[in-house]
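Q: sequence and predicted model, in that order:
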Amino acid sequence: MLEHLNLGNCGLHETLLTSFFPSTNGSSPLSFLDLSNNNLDRFSILLWFSNFSSRLTYISFSSNNDEIDSVEAKIPDSLWNLTSLSYLDLSYNNLKQEIPSALGNMTSLSYIDFSANKFEGSIPHTLGNMVSLSYLDLSSNNLEGGFPKSNGNLKELVRLRLNDNKLEGDLTYMSNFLSNSTKLEFLELSRNNFYGSLPPLSRFSFLRILSLDSNQLNGSFSETGLKLPDVIILDLSGNRLTGELPDLASCSSLELLHLNDNMFDGTLTESIGHLSKLNSLDLHSNRFEGTMSEKHFFNLSQLGVLDLSLNSNLTLNINPEWNPLFQLGTIKLSYCKLGPNFPKWLQKQRKIFHLDISSSDISDTIPNWFWENSRILDYLNISHNKISGPFQKLYSVTVVDVSSNEFNGSLPILPYSMQTIDLSRNRFSGGLYWFCNSTYGGTIVDLSDNLLSGKISKDCFKNLVTLDYLNLSNNNFTGEIPSLSDWYCTFTSLHLRNNTFRGEIPSSLKICDRLQILDLGENSFTGKIPAWVGENFPDLGILSLRSNELNGTIPSTLCRLQNIQILDLSVNKFSGTIPRCISNFTLMGAKPGSNRWLNGLRFLVIPKAAAFFYDNAYLTWKGQVSTYSKTLGLLIVVDLSSNDFSGQIPPEITGLEGLVALNLSRNSLVGTIPQDIDRLDLLNFLDLSENNISGNIPLAVSRLSHLGVLDLSFNNLSGRIPWVDHLLTFDASVYKGNLGLCGPPLVKLCPGDEVSKTPKLANPGNEAMEFGENEDKFLNRGFYISLVLGFIVGFWGIFGSLFLTKFRLLIGVERWLLVKMGVEKGRLRRYFQNQ
């Protein structure tokens, strides 16, 4: 008689399987059934087998229905009648249902694996009755709620995995549910939404793995000393835990301690140094303070990973003669205080492949021994220090970031394996040399803000265009960009800003059809904008040609840049009218959330072998040059200022409803301000100054509630300023040079605004006149009271929104407040003088 059936990994289908077995009345002696890793996508086969044998003790049915588009299945109810069952594995299927409470009645079960399904609902409280259960895995489902509130009787439980669900609630209930689980060795609750303080953990004295990372736990350790002698992994990262760390000396088996991304504070306990088996110590992104010395590491002979980064008040004061017992492979100490000297204790570390000591207050040169020790170094980040001197040869590194230091001399020789090279904001000089003779397909190179100079040859440019990202901004390069034919280009981002490049916009860029950012600003390029600029760059998001010597009209093909979101043609010699086809700038007509491109991640650069970073762009508003990076993907800007554009402001411009900044100043524009300009309700910056615009200021301007900078000065505007709503936030300088304008905040009064100085005549006998005076007095008083209250509410509403914005354009608030208070004070004084 058949008792043991193992058909795992046989590629079986349900119809094929059932044809081999006749139907029975459940009298079969079959006790072991393994059908895992087949194609049995309908769970009716389990119904068949549960009727085939009521003596089943082992069922493995994992990985039969785990395709994303597979049919959602449910467990047949007859399965819960198998009272002899001790092993049940239904993992990696497409089960979508609540966990039935009947499961808790199967007290013979010792092993349950329901992981990687779509189970929903809460954990049944009946599971607490399973006195034989030693293994319970409900991970990677959609379970909600928290631990059952009743006390459990899981006295045999060894492993509990509930990670990767939507569970929440206070962990106090966990203590109740596991109150009798004294044999527990594995507790994995990662990536849920549990909150509250940590319960006493030492009660689970046999714990080997404790993973509570990526929850919302707060509070501090409830124990001054953690007594978990068998724990190997302790991961509490990604929570909101506070306070000081407990004494860890009793956790003598600990190999991995990850407490990063919390809010722990205070000084670090020296008991860490007693953890002789510790291999990985990650405490980054906390609020630790004080000083760490070699005492914290004295017995860590197995330590290979050390991450203390992003603890800005933590100082490492290590004796330079100390000879550590460990050989670290990964060292991350960014934003810790290591300086001013280069840490000499690193001299004895000869196995480092990842080193990050950026922003660590080092003001020194790099000693020669470091270059010798770097033969296996793969990742190096020493950026944002004050390290000086020449930069020597590296051997096998794939990522190097030495930006924002004081390195000088020629550019270093780097290995061909490089993927990310950031040497920006230093004092490197000379030409590109070695970069011109090396090909780095797919590499990111940032050499901006140095003292580099010279021309770029054709052969050199052939190598450079094979890069993904090239930034040569703010150097002293000269000459023309070479033209290439029959070549290929992989640029996604090209920054040549602020050099002395000349000639026409190079036709070699025509082949760079992957470009998302093209910044040629602040050079000496001449000629017209080629038609292919609008035809060959379907993904172009930023085009900056600012401050060159370009001329001619804007080609109509430029309007084909449907995904453009920053267009800067300012400070050139362009003429003609602003093309009405700007309505084709599809993305500019969208608002945040309505377009897949319009998000903060659009210009996120993800290297092959390094951490991501945000690309950047320079924007000039109100004469101030600012760099934008993290918010760059949210900006929509048109800057056509300082040219010779003529004609009217095209009415289509108000269709670009996503605009955050519009600068048309210092041109020869005529006509009026569009009456529906309030369609641009996200505008933060509007500059129409120094044109020949005439007519009244539309009331619609006052409805631009996000406006932080406004300049309408030196035009031919006339009439009363609509000094209401948001326009209350701007002073007289916004309107100067418009001789026809009148009314607040200008001193010039509008016709009919003169205050009568004729004294009032008492006329108590004229009831109609008395009634009229009283009504007028009431309206005036109510008007001024409302005005003052509106001023207070409006000020805080406006100032609050301005304060919260990320743009650094919001200036003059203090001056505005003083002017407005003065004006209101004068109005109130005139009012009471005439009562």
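A: Done, it's in. Residues are numbered from 1 along each chain as shown.
Q: so what's the backbone phi/psi at L314?
A: Backbone torsions of L314, given as degrees, to the nearest 10, read phi -100, psi 130.
Q: what's the local residue count around it?
A: Around L314 there are 23 other residues, counting by other CB atoms under 10 Å. Any C-beta I mention is one placed from the backbone N, CA and C, and that applies to glycine too.
Q: so it makes contact with H284?
A: No: judged on CB atoms under 8 Å, L314 makes no contact with H284 at a distance of 10.2 Å.
Q: shared neighbours of those two, anything?
A: Residues touching both L314 and H284 (CB atoms under 8 Å, 6 or more residues apart in numbering): L308.
Q: residue ranges in the stretch 201-350 of the chain under the pLDDT threshold?
A: Judged by pLDDT under 70, the stretch 201-350 of the chain has no weakly predicted residues.
Q: all strands of it, in order?
A: All strands of the stretch 201-350 of the chain, identified by DSSP state E, counting those that start in this stretch, fall at 209-211, 216-217, 233-235, 242-243, 256-258, 263-266, 280-282, 287-292, 305-307, 313-316, 330-332.
Q: what sits up against the third one?
A: Read that as strand 233-235. Applying CB under 8 Å, 6+ apart, the contact partners of strand 233-235 are 190, 208-213, 228, 251, 254-259.
Q: which two of those residues lie the greatest distance from each other?
A: Within those, S190 and C251 form the most distant pair, 19.1 Å apart (CB to CB).
Q: more neighbours: these two, which one.
A: Taking neighbours as other CB under 10 Å, S190 and C251 compare with C251 leading, 26 against 20.
Q: S222 and T269: what is the separation?
A: 16 Å (CB to CB, to the nearest Å).
Q: next, S453: phi, psi?
A: Phi and psi for S453, reported as degrees, to the nearest 10, are phi -150, psi -180.
Q: burial of the closest residue to it other than its chain neighbours, as a residue count?
A: The spatial neighbour of S453 that comes closest, neighbours along the chain excluded (CB to CB, 6 or more residues apart in numbering), is N476 at 4.0 Å. N476 has 13 neighbours, counted by other CB under 10 Å.
Q: list the contacts of N476.
A: Residues in contact with N476 (CB under 8 Å, 6+ apart) are L451, L452, S453, N499, T500.
Q: turn those into a markdown table, columns for distance to S108.
A: Listed next are these as a markdown table, based on distance: CB to CB, whole Å:
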| residue | distance to S108 |
| --- | --- |
| L451 | 78 |
| L452 | 76 |
| S453 | 81 |
| N499 | 78 |
| T500 | 83 |
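Q: and of the strands of the stretch 201-350 of the chain, who's closest to P651?
A: strand 216-217 (50.9 Å).
Q: and that closest one, which strands flank it?
A: Take DSSP bridges as the rule and strand 216-217 pairs in its sheet with strand 193-196 (parallel).
Q: show residues contacting the partner strand.
A: 146, 166-172, 174, 212, 215-219.
Q: and if we set it to 7 Å?
A: For strand 193-196, the surrounding residues in contact (CB atoms under 7 Å, 6 or more residues apart in numbering) are K166, L167, E168, G169, D170, L171, T172, N215, Q216, L217, N218, G219.
Q: do stretch 566-573 as well
A: Residues contacting stretch 566-573 (CB under 7 Å, 6+ apart): 521, 541-551, 617, 635, 637-644, 663.
Q: run the last query once more with 8 Å
A: So stretch 566-573 is contacted by 521, 529, 541-551, 554, 561, 585, 617, 619-620, 632, 635-644, 663 (CB under 8 Å, 6+ apart).
Q: which one of the contacts of strand 233-235 is nearest to P343?
A: When those are ranked by distance to P343 (CB to CB), L257 comes first, at 22.2 Å.
Q: what pairs with that closest one across the strands?
A: Beta-bridge pairing of L257 under DSSP bridges involves L234, L281.
Q: for burial, what's the neighbour tally of it?
A: 23.
Q: with T267 instead?
A: Per other CB under 10 Å, the neighbour tally for T267 reads 14.
Q: show me what the nearest residue to it once chain neighbours are set aside is bridged to.
A: Here the nearest residue to T267 in space, its sequence neighbours aside, is G290; by CB to CB, 6+ apart that works out to 3.6 Å. Counting by DSSP bridges, G290 is bridged to L314.
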